[in-house]
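S.K.: Sequence plus the predicted model coming up.
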Amino acid sequence: QKEVEQDPGPLSVPEGAIVSLNCTYSNSAFQYFMWYRQYSRKGPELLMYTYSSGNKEDGRFTAQVDKSSKYISLFIRDSQPSDSATYLCAFRKMNTGFQKLVFGTGTRLLVSP
Amino acid sequence: DAEITQSPRHKITETGRQVTLACHQTWNHNNMFWYRQDLGHGLRLIHYSYGVQDTNKGEVSDGYSVSRSNTEDLPLTLESAASSQTSVYFCASSVLAPTDTQYFGPGTRLTVL
């Protein structure tokens, strides 16, 4: 079983739609949960991170973590064509010392005007 | 502005040749990383470094080496390129903070014929 599962998409939505991107994970030691956005031919950039279960909101983006179900989500409200990118979930075990990031394979999102 | 750069952006080489990919960051970060990104596998860690003269193997280090002689640079060397090393390579740097936010370079697309 893979440590992280993420649907590769592509997910196609019209402009203005609410988008839900999801990852499941199997390692209960993961404590930090991140979403990276990667535009075509570019490097990933950190979009959001959360530490605990619950929701964290930043503008049109909401990150949700359910540790009991080992499930994280990223919601995008009022999606824009500029949101078209690949979204990678990432996980990290703990704060002390080096702990590598474990990435999902990414979900490609296409927002059409 | 601080940044992280990679060169070359595109490289075509032949099987058996030695190839070096450059990574340079002006963030003054101690931690630097090399990843490869392949369809269906996501980002996989090749090597990482905590600081000058420190290097460590990641999960897919066979056939690759790095050296860290200063804070700014972490070149990645493919000793004898193989077709299986055709990939997109990303360099990243970070400060070991609660989120361990990693800042990625633009990537190098390497083709081994």
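M.R.: It's in. Numbers count the residues shown, from 1 in each chain, chains lettered A, B, ... in the order given.

S.K.: Any figure for the gap between the closest residue to chain B within chain A and B:Ser80?
M.R.: Chain B sits closest to A:Gly43 of chain A, with a gap of 3.2 Å, by CB to the nearest CB. Any C-beta I mention is one placed from the backbone N, CA and C, and that applies to glycine too. In this view, A:Gly43 and B:Ser80 are 27 Å apart by CB to CB, to the nearest Å.

S.K.: Just want to know which of the two has more residues nearby.
M.R.: Taking other CB atoms under 10 Å in any protein chain shown, A:Gly43 and B:Ser80 do not tie; A:Gly43 has more neighbours (22 against 11).

S.K.: so what's the more buried one up against?
M.R.: B:Phe90, B:Ala92, B:Phe104, B:Gly105, B:Pro106, B:Gly107 (CB atoms under 8 Å, 6 or more residues apart in numbering or on different chains).

S.K.: So in terms of bridging, what pairs with the nearest residue to it once chain neighbours are set aside?
M.R.: Counting by CB to CB, 6 or more residues apart in numbering or on different chains, A:Gly43 lies nearest to B:Phe104, which is 3.2 Å off, once chain neighbours are set aside. Legend: beta-bridge partners of B:Phe104 under DSSP bridges are B:Ala92.

S.K.: Can you report how many residues neighbour B:Phe104?
M.R.: Neighbours of B:Phe104 (other CB under 10 Å): 22.

S.K.: pretty sure it is touching B:Ala92, no?
M.R.: Yes - between B:Phe104 and B:Ala92 there is a contact under CB atoms under 8 Å: 4.7 Å.

S.K.: how much space between B:Tyr35 and chain A?
M.R.: Computed as CB to the nearest CB, to the nearest Å, the B:Tyr35 to chain A distance reads 8 Å.

S.K.: Tell me how many other residues crowd that residue.
M.R.: 29.

S.K.: so what's it up against?
M.R.: Contacts of B:Tyr35 by CB under 8 Å, 6+ apart are B:Leu43, B:Arg44, B:Leu45, B:Ile46, B:Tyr89, B:Phe90, B:Cys91, B:Ala92.

S.K.: Name the nearest of those relative to chain A.
M.R.: Looking across the contacts of B:Tyr35 and measuring by CB to the nearest CB, the closest to chain A is B:Leu43, at 4.3 Å.

S.K.: Which residues does that closest one form beta bridges with?
M.R.: Assigned bridge partners for B:Leu43, using DSSP bridges, are B:Gln37.

S.K.: do you know how far it is from A:Gly106?
M.R.: Relative to A:Gly106, and taking CB to CB, B:Leu43 is found at 9 Å.

S.K.: Find the residues that touch each one of those two.
M.R.: Common neighbours of B:Leu43 and A:Gly106 (CB under 8 Å, 6+ apart) are A:Leu88.

S.K.: will you turn the contacts of B:Tyr35 into a markdown table that also has pLDDT, distance to A:Met94 and neighbour count?
M.R.: Converted to a markdown table, the contacts of B:Tyr35 look like this (pLDDT from 0 to 100; distance: CB to CB, whole Å; neighbours: other CB atoms under 10 Å in any protein chain shown):
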| residue | pLDDT | distance to A:Met94 | neighbour count |
| --- | --- | --- | --- |
| B:Leu43 | 93 | 20 | 27 |
| B:Arg44 | 93 | 21 | 18 |
| B:Leu45 | 93 | 17 | 20 |
| B:Ile46 | 96 | 22 | 24 |
| B:Tyr89 | 98 | 27 | 22 |
| B:Phe90 | 98 | 24 | 25 |
| B:Cys91 | 97 | 24 | 29 |
| B:Ala92 | 95 | 19 | 25 |
